[in-house]
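here is my input; please provide its structure:
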Amino acid sequence: MIQSRHELVLGLVGAIGTDYNGVSQLLQNTLKTKFKYDVKEIKISKDIIPKIIENYTDESNEYQRKNTLMNLGNQLRCDFNNNAILALGVAQEIHDKRPKENDQAKPWYNHAFIINSLKHPDEVKRLRDIYNDGFYLIGVYSDKEARLKKLLGTSENKQADQEVVNQLIERDESE
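Residues are numbered from 1 along each chain as shown. As a prediction, the model looks like this:
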């Protein structure tokens, strides 16, 4: 018989263009096969920001989308005067997914959440405050050349796009 394990919250942090999806898949597969966890990924850019920002529309251009999401994350931190606002959105998302009994959320054993991706130290601090020993921060690293290559992807006009991608990388590094 498998022993019940407490809920886990794994936060991924790293620079723009890092292969979060590969790391997330590896974590999901390991937690599912080795430890029999049910794993859910929460993407801040797709699952949290659109719920907070009214009338959010996804940009068709990938570079514009990433730039817009960076702007929106910063805007939310300013609007709410809280650098951990997106972490609170994550906590709400986890709370909403938990099973309920008499309208009260119950602990969810053998479940893990992978948060893709945290961008501010206050987000990490808030999640540590909320989930205590159940929260783990995982740094994901790719060198600048690999991130540049990933962000350029299969673009038809890599030379023109490289300037825009370099601006995104520099912005992410400075913020």
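
any idea of the mean pLDDT in stretch 111-130?
The predicted model assigns stretch 111-130 a mean pLDDT of 97.

gap between the two ends of it?
Between the opening and closing residues of stretch 111-130 there is a gap of 16 Å (C-alpha to C-alpha, to the nearest Å).

one more: stretch 7-22?
This stretch, stretch 7-22, spans 22 Å end to end (C-alpha to C-alpha).

would you mark the buried spots in it?
Neighbour counts over stretch 7-22 (16 or more other C-beta atoms under 10 Å) mark 7-18, 20 as buried. (C-beta placed from N, C-alpha, C; glycine too.)

what about this protein, any weak spots by pLDDT?
By pLDDT under 70, the weakly predicted segments of the chain are 1-4, 59-60, 154-160.

that one: helices as residue ranges?
When secondary structure is read from DSSP state H, the chain shows helices at 20-35, 49-52, 62-79, 85-97, 121-131, 144-152, 158-174.

give me the helices and strands touching the shortest one, please.
It stands for helix 49-52. Packing partners of helix 49-52 (3 or more C-beta pairs under 8 Å, 6 or more residues apart in numbering; DSSP states H and E): helix 62-79, helix 85-97.

now tabulate those helices in CSV and tack on distance to residue 122 and mean neighbour count.
Written out in CSV, the entries for the helices and strands packed on helix 49-52 read as follows (distance: least, C-beta to C-beta, whole Å; neighbours: other C-beta atoms under 10 Å):
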stretch, distance to residue 122, mean neighbour count
helix 62-79, 8, 16
helix 85-97, 7, 18
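
tell me the contacts of residue 151?
Residues touching residue 151, when contacts are defined by C-beta atoms under 8 Å, 6 or more residues apart in numbering, comprise 16-17, 62-63, 165, 168-169.
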